[in-house]
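1. Any chance you could fold what I've pasted below:
(chains A, B, C and D)
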2 protein chains.
Amino acid sequence: MNPTGQPVGNKNSDQPYQSHLATKADLVTSHTETRAGFLALALEKNRQATPFITQARALKAVALPLARPANLLDLPNIQAALVAAAGISNKAAGHLDAATKEQAVRDFIANFLDVAGADWVDELVYRFLITRGDTIGGSMRNIGGAIAQRTLTRNIIATLSLANVPFEWRHAKTKKWLTGSSSDPDIEFQTNALSWTNAQGPRTLRYNYSPAIVGKNIDLCLLACAAQDFDTAVLDGSLYVALGELKGGIDPAGADEHWKTARTALLRIRDAFSRLNLAPASVFVGAAIVSGMADEIWTQLGNGTLTNAANLTDDNQLASVCRWIIDL
Amino acid sequence: MNPTGQPVGNKNSDQPYQSHLATKADLVTSHTETRAGFLALALEKNRQATPFITQARALKAVALPLARPANLLDLPNIQAALVAAAGISNKAAGHLDAATKEQAVRDFIANFLDVAGADWVDELVYRFLITRGDTIGGSMRNIGGAIAQRTLTRNIIATLSLANVPFEWRHAKTKKWLTGSSSDPDIEFQTNALSWTNAQGPRTLRYNYSPAIVGKNIDLCLLACAAQDFDTAVLDGSLYVALGELKGGIDPAGADEHWKTARTALLRIRDAFSRLNLAPASVFVGAAIVSGMADEIWTQLGNGTLTNAANLTDDNQLASVCRWIIDL
DNA sequence: TACACTCGAGTTA
DNA sequence: ATAACTCGAGTGT
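-> A predicted model of the protein is given here:
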């Protein structure tokens, strides 16, 4: 309050995003963070590749003694590798029947190995690795997303600990709720939900959950309920405090693409809740934010479509959003 | 008209999508088409891989005579291949400076090649191929999209030819407009715009164009203008007859993901034109349509948000949309 | 050049 | 099985 007794500032001065964003340009990812992200990705990719290199060596060892490429068909243990070498991804293989895959392998042998001469084993192994490179690329996409979730979790736990707020965490595999500890670095790897109590009451944050109300998976669901009540609370739209999209990708070229996806996801959420005359808070947290999408995010923040937003690579923004989440 | 002189049917009976869609289930891609799409993709991928196999053989030949992995650094011609072997994609390389890449290569040599013993050349070549597998995967994504555009172009040309409508086509590379011929199978590979005249006047359809009005690329822009007038016509919102999104991907797992993107793209178009009090027709054509998104498409068709839609893998639906486009 | 397009390689609920 | 999530590998303007 100022001396006149009127509220200070304009209508928007107390919007949560204003704690960490002065202008829309603040949302944009710095080149430094982009570089660091790509480099970290490459290092992790090298780790992920190692088992496939081992598989390639094994495939070479199995194939070398064979007199002719067609003899590969006699070795049951390497049929999956042959399908891969024939250019068929695991995903594609799931859509094809056994006969189609076998025919593709036979065609591959005839068109690529039989004509490769003495070097046919290298041709086989090289083409196996080409497909497995795509395999690893796919895995890396998932790993990138998982790292983002861990980053957010780590920051929320740090924020809770800083505020001396006890918390529980849900073990994703066992589905058991456990007492949280700020000094346990494994929690972020194992959890898919956190629970604590703030001034308004109990709060539970669940990752990658699909509420029946929306019918689609949502990256972040914050409910006004205790951990043990989550399964029933999700049926009551009025208990949803906030919902959010988290995009961990670092590639600026993908930024607008994935923001478009997030916009529709958030729109579906708003539509579903508005049918219940409800309007829970909404938040977008992204690691790759480019100027054009920052404009749209800023507009949505300004008109209330979006309640909060932050750049995942900016520690201050992330801390501010975490404080907002735990107090919400 | 029926004998009473009243228009036949209900309000929606003359909606363009009703020519080829009776129910929303008609939009859903058949398993047969999905299978065929994945198989075609694998075959094309094998073709695309060949030059990289050759590069791998060349890399092996260059590396074999070297006494130690560190000697790789002395060969200027293979530095790009070393960066790839170190797990750095071309995309990532574009974000990293030369010193960072060189350090990554040195670390790669120390951590993976020096410890590989006598087999270090295979380790090098295998890791090069892992990264190039991802390279080919990326190229394949683009090829998939290009094939979809060609499929649509081929069908529009066939529809124009069937109706005896002369057309011009724009050569994407030379940017020259040429007289169309139904018997020239190369047009679909070379063109990025078609032009013809219908009962309403001249029409020009441009692919992948970014109108200043919207500020984003749009897969399909149909304008009421002659080919030669396109560059000025694009400035006048009232000349936009229809805009559309084309999604050529066959993967059902990507269907909703890419439909979410398309929804936002179409929303941006509608928002931009509605600011001019304009509402051009809109269309969605997709190869992978799953049940949930068919629901949303059907809703949008029913309430007029979307004017038309079709499954790219259904010849009848495609023909109907092409007839609609050329007469619009 | 900055920007934003292509789409499926994985994954999980 | 079904559905829908992860995100960057390319590309073009």
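2. Which strand residues bridge the closest residue to A:T307 other than its chain neighbours?
-> Sequence neighbours aside, A:A281 is the residue nearest to A:T307 in space, at 3.9 Å (criterion: CB to CB, 6 or more residues apart in numbering or on different chains). In this view, the C-beta of every residue, glycine as well, is placed from N, C-alpha and C. Applying DSSP bridges to A:A281 yields these beta-bridge partners: A:A242.
3. ok, now which ones touch A:L266?
-> Counting by CB atoms under 8 Å, 6 or more residues apart in numbering or on different chains, A:L266 touches A:243, A:245, A:282, A:284, A:305-306.
4. what about it, helix or strand, and which?
-> Taking DSSP states H and E as the definition, A:L266 sits inside helix A:252-274.
5. So for that helix, mean pLDDT?
-> Across helix A:252-274, pLDDT averages out at 95.
6. Also stretch A:34-44?
-> 94.
7. List the contacts of whatever residue of the stretch 101-250 of chain A ends up closest to DNA strand C.
-> Here the stretch 101-250 of chain A gets closest to DNA strand C at one residue, A:G138, 2.3 Å apart by CB to the nearest atom of the strand. A:G138 makes contact with A:K91, according to CB under 8 Å, 6+ apart.
8. Okay, and it sits in which element?
-> Counting by DSSP H and E, A:G138 is found in helix A:120-162.
9. Show me how far that helix is from its chain's centre.
-> On the basis of CA atoms, centre = their mean, to the nearest Å, helix A:120-162 sits 10 Å off its chain's mean C-alpha point.
10. Can you name the next helix or strand after it?
-> strand A:167-171.
11. Note down every partner strand of the next helix or strand after that next one and its orientation.
-> Downstream of strand A:167-171, the next assigned helix or strand under DSSP H and E is strand A:177-179. Partners of strand A:177-179 in the sheet, by DSSP bridges, are strand A:167-171 (antiparallel).
12. so what pLDDT did whatever residue of the stretch 151-300 of chain A ends up closest to DNA strand D get?
-> Going by CB to the nearest atom of the strand, DNA strand D is nearest to A:G249 of the stretch 151-300 of chain A, at 2.4 Å. Per-residue pLDDT puts A:G249 at 95.
13. That one - how many residues pack around it?
-> 20 (other CB atoms under 10 Å in any protein chain shown).
14. which residue packs closest to it, ignoring adjacent ones?
-> Spatially, and ignoring its direct neighbours in sequence, A:G249 is nearest to A:A288 (5.3 Å; CB to CB, 6+ apart).
15. Contact residues of the stretch 101-250 of chain A facing chain B?
-> When proximity is defined by CB under 8 Å from any CB of the partner chain, the stretch 101-250 of chain A lies next to chain B at A:104, A:108, A:111-112, A:119, A:122-123, A:125-127, A:129-137, A:215.
16. For PyMOL, what selects the buried ones among the residues you listed?
-> A single PyMOL command selects the buried members of these (16 or more other CB atoms under 10 Å in any protein chain shown):
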select buried, chain A and resi 104+108+112+122+123+125+126+127+129+130+131+132+133+134+135+136+137
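17. filter the residues of the stretch 101-250 of chain A next to chain B down to the ones close to DNA strand D.
-> With CB under 7 Å from any atom of the strand as the criterion, these include A:137, A:215 near DNA strand D.
18. how near is the residue of the stretch 1-150 of chain A found nearest chain B to A:H31?
-> Closest to chain B within the stretch 1-150 of chain A is A:G133: 2.0 Å, counting by CB to the nearest CB. From A:G133 across to A:H31, the span is 27 Å (CB to CB, to the nearest Å).
19. Repeat that for A:T197.
-> In terms of CB to CB, A:T197 sits 41 Å off from A:H31.
20. again, but for A:K101
-> Distance from A:K101 to A:H31, by CB to CB: 45 Å.
21. A:N316 too?
-> 18 Å.
22. Same question for A:L72.
-> According to CB to CB, A:L72 and A:H31 sit 48 Å apart.
23. What of A:C221?
-> Relative to A:H31, and taking CB to CB, A:C221 is found at 33 Å.
24. Equivalent analysis for A:N164, please.
-> 38 Å.
25. which residues sit in contact with A:A287?
-> By CB under 8 Å, 6+ apart, the contact list for A:A287 reads A:29, A:33, A:37, A:148, A:247-250, A:311-313.
26. Neighbour count: A:T197 and A:H31, which is higher?
-> Set side by side, A:T197 and A:H31 show more neighbours around A:T197, with 14 against 10, by other CB under 10 Å.
27. Doesn't the more buried one lie inside a strand?
-> Yes: according to DSSP: H, G, I helix; E, B strand; the rest coil, the state of A:T197 is that of a strand.
28. so who does it touch?
-> A:165-166, A:203, A:226.
29. Could you report the pLDDT at it?
-> Listed pLDDT for A:T197 reads 97.
30. same deal with A:P7?
-> Here the pLDDT value assigned to A:P7 is 42.
31. where along the stretch 201-328 of chain A do the helices fall?
-> Under the criterion DSSP state H, counting those that start in this stretch, the stretch 201-328 of chain A contains helices at A:230-233, A:252-274, A:291-302, A:315-327.
32. and of the ones you listed, who's closest to A:A80?
-> helix A:252-274 (30.5 Å; CB to CB).
33. per the record, what domains does chain A have?
-> Listed by automatic domain parsing, the domain ranges of chain A are A:16-42+A:140-327, A:47-138.
34. could those be laid out in JSON lines, adding distance to B:L96?
-> Output for the domains of chain A, formatted as JSON lines (distance: least, CB to CB, whole Å):
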{"stretch": "domain A:16-42+A:140-327", "distance to B:L96": "6"}
{"stretch": "domain A:47-138", "distance to B:L96": "18"}
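35. tell me, how many neighbours does A:K216 end up with?
-> For A:K216, the number of neighbouring residues by other CB under 10 Å comes to 15.
36. sorry, back to before: got the contact list for the residue of the stretch 151-300 of chain A closest to DNA strand D?
-> A:G249 sits next to A:144-145, A:148, A:255, A:258, A:286-288 when contact means CB under 8 Å, 6+ apart.
37. tell me the two of those that are most distant?
-> Taking CB to CB as the measure, these span a maximum distance of 14.6 Å, between A:G145 and A:A255.
38. More neighbours: which of those two?
-> A:A255 (24 against 16).
39. The more buried one contacts A:V290, doesn't it?
-> Yes: under the criterion of CB atoms under 8 Å, A:A255 makes contact with A:V290 at 4.5 Å.
40. Need the residues touching each of those two.
-> A:T29.
41. nearest spatial neighbour of A:S161, skipping sequence neighbours?
-> Excluding its sequence neighbours, the residue lying closest to A:S161 (CB to CB, 6+ apart) is A:S182, at 3.5 Å.
42. For the closest residue in space to A:A227 that isn't next to it in sequence, grab the count of nearby residues.
-> In this structure, A:A227 finds its nearest non-sequential neighbour in A:S195, 3.7 Å apart by CB to CB, 6+ apart. The number of residues packed near A:S195 is 23, by other CB under 10 Å.
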